[in-house]
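1. Quick one, what's the 3D model for this:
(chains A and B)
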Amino acid sequence: QKEVEQDPGPLSVPEGAIVSLNCTYSNSAFQYFMWYRQYSRKGPELLMYTYSSGNKEDGRFTAQVDKSSKYISLFIRDSQPSDSATYLCAMSATGNQFYFGTGTSLTVIP
Amino acid sequence: KAGVTQTPRYLIKTRGQQVTLSCSPISGHRSVSWYQQTPGQGLQFLFEYFSETQRNKGNFPGRFSGRQFSNSRSEMNVSTLELGDSALYLCASSRTTMFSSYEQYFGPGTRLTVT
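-> Numbers count the residues shown, from 1 in each chain, chains lettered A, B, ... in the order given. Coordinates of the predicted model:
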């Protein structure tokens, strides 16, 4: 079993929709969580960083961590065509060795 | 503030050769991590350096090695290249210290093709 599981999609939504991206994990020691956006042939761009459980909001993006269910989510409100990319979740127990999901491919249709 | 830079951006090598990739972290960041990204396996952790010491290591063979210099710049080396080493190699830097952990910022990557 992989440390981090992420549905690869692809996910296709109309512009303006709310997008929900999710990851599950098996290691209960994970306490650092990140979400990245990666455009084709580019390096990942950090979107959200959270420690332990709870919610964090930044503009159109909201990250949720449910440690009891070993489940994290990223919500994108009012999705835009420029949000079309691959979204990667990452998590760590120590904060200096991260395990990544395989990524979810998102397309926002104008 | 300048981001993480990686050189070269593209590289083509032949099986059996060796290669050295370079990474310059964001100014003030002392932690540098390296990852391999392939379509089949996604992003896989290679190793992490902090203050010139390898602090963590992933499950890669000994052909993959790295080092960090006193200015926090890092290099990774792959010896005896195999076709399966073709990948995007990503470097990430963080202001993580011995006692506190922070987010990682990635560079644009070096795309290595082994023929």
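2. So what does the nearest residue to A:Thr102 once chain neighbours are set aside look like in phi/psi?
-> The shortest distance from A:Thr102 to any non-neighbouring residue, by C-beta to C-beta, 6 or more residues apart in numbering or on different chains, is to B:Gly42 (3.9 Å). (C-beta placed from N, C-alpha, C; glycine too.) B:Gly42 adopts backbone torsions of phi 70, psi -150, taken as degrees, to the nearest 10.
3. Contacts only, for B:Gly42.
-> A:88, A:100-103 (C-beta atoms under 8 Å, 6 or more residues apart in numbering or on different chains).
4. which residues does it form a beta bridge with?
-> B:Thr38 (DSSP bridges).
5. now A:Phe75
-> Here A:Phe75, judged by DSSP bridges, has bridge partners A:Ser20, A:Thr62.
6. Quickly find the element holding B:Gly28.
-> Assigned by DSSP states H and E, B:Gly28 belongs to neither a helix nor a strand.
7. Let me see the contact set for the residue lying closest to it once chain neighbours are set aside.
-> Spatially, and ignoring its direct neighbours in sequence, B:Gly28 is nearest to B:Arg95 (6.2 Å; C-beta to C-beta, 6+ apart). Neighbouring residues of B:Arg95 by C-beta under 8 Å, 6+ apart: B:26, B:28-31, B:102.
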